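Asker: no sequence on this one, just coordinates:
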Ligand SMILES: O=P(O)(O)OC[C@@]1(O)O[C@H](CO)[C@@H](O)[C@@H]1O
Ligand SMILES: [Mn+2]
């Protein structure tokens, strides 16, 4: 199995992708363990969740609900068997708006692989089959009204929010303190506070339920107190360049027009993103924030529209002065249009981001209107770099393979074996010290690229 999303794929740029050819799956053990162990575990939990909601479906929909539960479980059990026994990847049949694009992608994979063997779970790029599994889960539910809108991951996402309450309160109080002294904030102090909130958003990415296969992964310690001890684990820190890029985007002392945040996980990570966005707007630095989320439940904890608005409502309803105050502020930003939530099918497809200009030109041109795009999390990093086995010293700009809609920054904790932009020897040193440094979530990057001089 190729575990590079791009290595068995028409490269987005000329040149030899073989230089970044991923070794076969069995050499790339993290991908193998994900497919062999973690994905079946996630699928089993999905089946269990649907089964546990059987009485709810009956109460709400009578016999139809029971039948839908049975059918959905049958489809998911078939999916799990296909995955476990390396069966061929099959076309989607639910007729949803993105089904054709998914089926076209499968045909492209088959063409690339040649027709001797069918595209199967263990012979395809890890990125592709992992995304495909989540789209098949969506199919199993969407084919069974009246439960077609049931979010199989909702319990885990809401639990993650509830379990992180103390950290959320600490964070909202921290923002309140910043805002109390806003007028006296010197430019240095402003950039200092920005850096702190950027790092809190970065480390919020540890709270991801895909890597934990659904196990509780909420924020238990103060996000502010932890910053100093986490500093040494940031392998690339371009926060200074992010700040300079923002400053240079200010129009003659005006605010920066727009910053986009491509969201990752719900729960505590989403709160860290909302607090960062709150700071950017309330400090007068930025006029508008576009949030980009997922169109359906994805990678266990990724944010959907429902999660986004639920989190704002929950924060408003908190029995904590500063948390509730933030929640009402966020509701107001959404009301006046300073904040807006967007989703696009491309974010829940398997494509590398260098495909976006060709496969989702409307989304690419939307991102081009931003002054800065923040990409949260590990899956987005894998898609930014084509999930290839690049040498660690390859420039981030090279790995982007021409994806450059706007100045962009990845805020990512490392949970998959791809990492570029390191100094010579750094990767080898990390491997000797901690062989799992690319996948254990302990390390992170704040990695920036701008198509224009900063
Ligand atoms: O994008 P996120 O939430 O930071 O991480 C997603 C993730 O948990 O799922 C994949 C492995 O199953 C990896 O990309 C990563 O480990
Ligand atoms: Mn995620």
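Answerer: Received the coordinates, thanks. It should be emphasised that the depicted structure is a prediction, and the values quoted were computed from it without experimental measurement. Ligands and ions are numbered 1, 2, ... in the order given.
Asker: closest point of the stretch 1-150 of the chain to ligand 2, which residue?
Answerer: Relative to ligand 2, the nearest point of the stretch 1-150 of the chain is residue 134 (10.4 Å; Cβ to the ion). Yep, even glycine has a C-beta here, placed from its N, CA and C like the rest.
Asker: And for that residue, nearest residue in space, chain neighbours not counted?
Answerer: Of all residues not flanking residue 134 in the chain, residue 298 sits nearest, at 5.2 Å (Cβ to Cβ, 6 or more residues apart in numbering).
Asker: who's in contact with the residue in the stretch 1-150 of the chain that ligand 1 sits nearest to?
Answerer: Residue nearest to ligand 1 within the stretch 1-150 of the chain: residue 34 (4.8 Å; Cβ to the nearest ligand atom). Residues in contact with residue 34 (Cβ atoms under 8 Å, 6 or more residues apart in numbering) are 126, 130.
Asker: Next one: it relative to residue 192, how far apart?
Answerer: 38 Å (Cβ to Cβ, to the nearest Å).
Asker: pLDDT score for the residue of the stretch 1-150 of the chain closest to ligand 1?
Answerer: At residue 34, the model reports a pLDDT of 73.
Asker: Over to it. Which of the three states is it?
Answerer: Recorded secondary structure, residue 34: helix (DSSP: H, G, I helix; E, B strand; the rest coil).
Asker: Which secondary structure elements does the helix ranked longest in the chain sit against?
Answerer: Ranked by number of residues, the top helix in the chain under DSSP state H is helix 54-84. Helices and strands touching helix 54-84, by 3 or more Cβ pairs under 8 Å, 6 or more residues apart in numbering; DSSP states H and E, are helix 39-52, helix 126-142.
Asker: just those: most buried one?
Answerer: helix 126-142 (a mean of 24; mean count of other Cβ atoms under 10 Å).
Asker: helix or strand for residue 247, which one?
Answerer: Element membership for residue 247 (DSSP states H and E) is helix 239-249.
Asker: Give the next helix or strand downstream of that helix.
Answerer: Using DSSP H and E, the first helix or strand after helix 239-249 is strand 256-262.
Asker: Run the contact check for the helix or strand just after that following strand versus ligand 2.
Answerer: Next helix or strand after strand 256-262 toward the C-terminus (DSSP H and E): helix 268-282. No: if you take Cβ under 5 Å from the ion as the test, helix 268-282 misses ligand 2, and the best it gets is 8.1 Å.
Asker: so helix 268-282 versus helix 239-249, what angle?
Answerer: If you take axes from the mean of the first three to the mean of the last three Cα atoms, to 10 degrees, helix 268-282 sits at 40 degrees to helix 239-249.
Asker: What helices and strands are in contact with helix 268-282?
Answerer: Using 3+ Cβ pairs under 8 Å, 6+ apart: helix 268-282 touches helix 154-163, helix 165-180, helix 187-204, strand 256-262, strand 286-293, helix 305-316, helix 321-336.
Asker: tell me what the helix or strand hosting residue 340 is packed against?
Answerer: Assigned by DSSP H and E, residue 340 falls within strand 339-343. With contacts defined as 3+ Cβ pairs under 8 Å, 6+ apart, strand 339-343 has these neighbours: strand 286-293, helix 305-316, helix 321-336.
Asker: Would you mind giving those as CSV with mean neighbour count, mean pLDDT and distance to ligand 1 added?
Answerer: Output for these, formatted as CSV (neighbours: other Cβ atoms under 10 Å; pLDDT from 0 to 100; distance: least, Cβ to the nearest ligand atom, whole Å):
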stretch, mean neighbour count, mean pLDDT, distance to ligand 1
strand 286-293, 21, 98, 13
helix 305-316, 19, 98, 13
helix 321-336, 17, 98, 22
